[in-house]
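Asker: no FASTA, just this:
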């Protein structure tokens, strides 16, 4: 029954966008004429894994599946990182300064053909997705049907960038479980196709 309801909601959203040729409202933080009564019923659920094996705030999952990546970290960045390049997508592992070794606090995934002047860790995955089955190439309505309408639209001339955030630490069990003040997820679209996404915890 839940699967049927989800498919009906997604079909409605998809047809609503593409059959009505919606555009972004430059003076708004949302896509105008959006059916809020439908989308507000979809609760935002945070992703914490890639391919069901790489996990946020879990050094064990990183070491077990990738080995010791700490020696490849680019420590010249404000937040040290490591890049893994796969056939279709790259993964950026983001660490917090002074944290436990191999403890990833943010994952970024983007198209492999994106030109990045980075040194890549020797390894990667052919197919990359989150536990909610989000991956590069997904459509804008598909992401919103999965993550809901409680997003902020980040201004950009070339891209559509949707940002979701959880910051109510006092009342949110997810943040309390990880003992982190803010969780965020950003989805970057070009021609309504997902080009890049990043999710994880903000550096305190």
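Answerer: Everything's here; your move. Note that the structure is predicted; figures quoted are calculated from it, not measured. Residues are numbered from 1 along each chain as shown.

Asker: Now do the helix or strand containing residue 83: distance to the chain's middle.
Answerer: Secondary structure from DSSP states H and E places residue 83 in strand 81-85. How far strand 81-85 lies from its chain's middle: 16 Å, per Cα atoms, centre = their mean, to the nearest Å.

Asker: I'd like to know which elements that strand is packed against.
Answerer: Applying 3 or more Cβ pairs under 8 Å, 6 or more residues apart in numbering; DSSP states H and E, one finds that strand 81-85 contacts strand 89-95, strand 120-121. Where C-beta positions appear, they are placed from N, C-alpha and C, glycine not excepted.

Asker: Mind listing what's buried along that strand?
Answerer: Of the residues in strand 81-85, 81, 82, 83, 84, 85 count as buried by neighbour count, 16 or more other Cβ atoms under 10 Å.

Asker: By pLDDT, rank the residues you listed and give me the bottom one.
Answerer: Lowest pLDDT of these: residue 85, 82.

Asker: So it is in contact with residue 124, correct?
Answerer: Yes. Contact criterion Cβ atoms under 8 Å: residue 85 and residue 124 qualify, at 5.0 Å.

Asker: from the helices and strands packed on strand 81-85, which stretch is densest packed?
Answerer: Comparing the helices and strands packed on strand 81-85 by mean neighbour count (mean count of other Cβ atoms under 10 Å), strand 89-95 ranks first with a mean of 23.

Asker: Work out the sheet partners of the helix or strand following that strand and label each with its direction, please.
Answerer: Using DSSP H and E, the helix or strand that directly follows strand 89-95 along the chain is strand 104-111. Using DSSP bridges, strand 104-111 pairs in its sheet with strand 89-95 (antiparallel), strand 193-201 (antiparallel).

Asker: can you map out the helices along the protein?
Answerer: 2-19, 36-39, 59-66, 140-147, 173-178 (DSSP state H).

Asker: ok, residue 84 to residue 108 distance?
Answerer: Going from residue 84 to residue 108 by Cβ to Cβ, to the nearest Å gives 11 Å.

Asker: and for these two, which residues touch both?
Answerer: Shared contacts of residue 84 and residue 108, defined by Cβ atoms under 8 Å, 6 or more residues apart in numbering, comprise 91, 92.

Asker: so who does residue 158 touch?
Answerer: Shown in contact with residue 158 (Cβ under 8 Å, 6+ apart): residue 190.

Asker: Next one: it, what pLDDT does it get?
Answerer: In this model, residue 158 is scored at 91, pLDDT.

Asker: What distance do you get for residue 191 to residue 159?
Answerer: 10 Å.

Asker: ok, now residue 179?
Answerer: 33 Å.

Asker: Which one's more surrounded, those two?
Answerer: residue 159 (14 against 10; other Cβ atoms under 10 Å).
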